[in-house]
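Participant: Predicted model, plus sequence, below.
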Amino acid sequence: MGEIMEGTWAVSVENLTVAYDRAPVLCNVDLHLPKGQMTAIVGPNGAGKSTLLKAMLGLMKPLSGKVTFDVDGGVGYVPQSASVDWDFPATVQDVVVMGRYGHLGWLRRPTAKDKHISHLALQQVGMGAYGKRQISQLSGGQQQRVFLARALAQEASLYFLDEPFKGVDVETEAVIVALLKGLKAKGKTLVVVHHDLDTIESYFDHIVLINQQIIGAGTVGTVLTQENLRRTYGRG
């Protein structure tokens, strides 16, 4: 997923350009995401937020540019719930144990320790009693909690989450926020695609405003200005 570098940045992006069918979605993105912080990636629909996440993760091949990681552990990823095949025949426990494969390798069976870690992750998200339930039988908020538990089971040092609050109930959002802040308190780095401008100041430390190009990046208090929002969303 990139070269190792030294410094205070968990992720550095240099001159990143990504296109779909030759139409640029991201253009010449330069970006540094700080270690041990919660960063929101914010912008209008079609701005390239999810594309940026996927390009940083190596899930999409850019036309140009380089992504560099400086993390001591692994990388966890919670995709958009709409991109997941929820009809896949798997139990909740099966899905969460998949988060352990980075530690196991694909040819080894999960150990009792792996299953214990997975169960603890489910308990953290309030889903400990649902381990044997089919993932397709859960509500949207419950499914999102399970995918967050899978990421927790990875025991990563850097987490990417693509709109984890989209379509969830108030209770689930509160659970997710508390978990993310708990991970940050343990020194983890979190990068979250987010859409609710009203909660940015209370949830996040760092923000990236994007609309195909980076409009602004830095601490929330510095970057979240009316002028930057106007330039990002084209309002007024």
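Facilitator: Sure thing, it's come through.

Participant: Show the backbone phi and psi for the residue lying closest to Asp72 once chain neighbours are set aside.
Facilitator: Leaving out its chain neighbours, the residue that sits closest to Asp72 by C-beta to C-beta, 6 or more residues apart in numbering is Ser157, at 5.3 Å. Glycine gets a C-beta too; all of them are placed from N, C-alpha and C. The phi/psi pair for Ser157 (degrees, to the nearest 10) reads phi -110, psi -10.

Participant: do the same with Ile117
Facilitator: phi -60, psi -40.

Participant: wait, it sits on Glu155?
Facilitator: Yes. With contacts counted by C-beta atoms under 8 Å, Ile117 reaches Glu155, the gap being 7.2 Å.

Participant: and these two? which has more neighbours close in?
Facilitator: More crowded of Ile117 and Glu155, by other C-beta atoms under 10 Å: Ile117, with 20 against 16.

Participant: And the pLDDT for that one?
Facilitator: You'll see Ile117 listed with a pLDDT of 93.

Participant: so what's the nearest residue to it once chain neighbours are set aside up against?
Facilitator: Once flanking residues are discounted, Ile117 sits nearest to Ala153: 5.5 Å by C-beta to C-beta, 6+ apart. By C-beta atoms under 8 Å, 6 or more residues apart in numbering, Ala153 lies in contact with 96-97, 99-100, 114, 117-118, 121.

Participant: what's the farthest-apart pair in those residues?
Facilitator: Farthest apart among the contacts of Ala153 by C-beta to C-beta are Asp114 and Ala121. That separation is 10.7 Å.

Participant: These two - which one has more neighbours?
Facilitator: Each of Asp114 and Ala121 had its neighbours counted (other C-beta under 10 Å), and the higher figure belongs to Ala121 (26 against 19).

Participant: does the more buried one count as helix, strand or coil?
Facilitator: Taking DSSP: H, G, I helix; E, B strand; the rest coil as the rule, one finds Ala121 in the helix state.
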